[in-house]
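Asker: what's the 3D shape of this:
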Amino acid sequence: MNCDFKVKREVCDSLCTNNHRSCVMDPKYDIDIGISGADVLSESLRRICVWKHYGESDGIGLTYLEYISAFADKCDSQDFFTSKDCVSDVTLIAKVDEGVIDRYIMNSGRTEKDNDNIFMGLEIEI
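Answerer: Predicted structure coming up:
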């Protein structure tokens, strides 16, 4: 989904990643405070990478489920959702190798403006 620039550009910037090619609505419908759509997309990419490394091969993904559960318990609030420290704590709890996930994110195209992200693109196609 591309963001419509007929609305303010700041709206698109807060809802999207990868040069406005991947977008999601702000969870609270308020772009001025709290978790943004771009924040949700960044965490979604991390979860895709955790699944690809820890769950896709066996289709069960107990480590993935542990990550999701720990994230919900520790980081799923306005104060901690984007906290690198909170994510690091969750990866330790779930026994996820943060370096592996960082490499998956880097190799997939990250979320920066000028990059296409392979995994996000595949999710959009589904």
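
Asker: Find the least confident helix or strand in this structure, judged by mean pLDDT.
Answerer: helix 118-125 (a mean of 59; mean pLDDT, DSSP states H and E).

Asker: which one is residue 75 nearest to, not counting chain neighbours?
Answerer: residue 86 (4.1 Å; C-beta to C-beta, 6 or more residues apart in numbering). No exception for glycine: its C-beta is placed from N, CA and C like everyone else's.

Asker: nope, residue 64 is what I meant
Answerer: In space, residue 64 is closest to residue 55, 4.0 Å off (C-beta to C-beta, 6+ apart).

Asker: any idea how far the one you found lies from residue 80?
Answerer: For residue 55, the distance to residue 80 equals 24 Å [C-beta to C-beta, to the nearest Å].

Asker: Also residue 43?
Answerer: 11 Å.

Asker: Got the confidence number for residue 39?
Answerer: Residue 39 is assigned a predicted lDDT (pLDDT) of 82.

Asker: Which strand or helix spans it?
Answerer: helix 37-54 (DSSP states H and E).

Asker: circling back to that earlier point, isn't the residue nearest to residue 64 up against residue 61?
Answerer: Yes: using C-beta atoms under 8 Å, residue 55 is in contact with residue 61, at 2.2 Å.

Asker: the helices in this protein, which residues?
Answerer: 9-15, 37-54, 62-74, 84-94, 98-108, 118-125 (DSSP state H).
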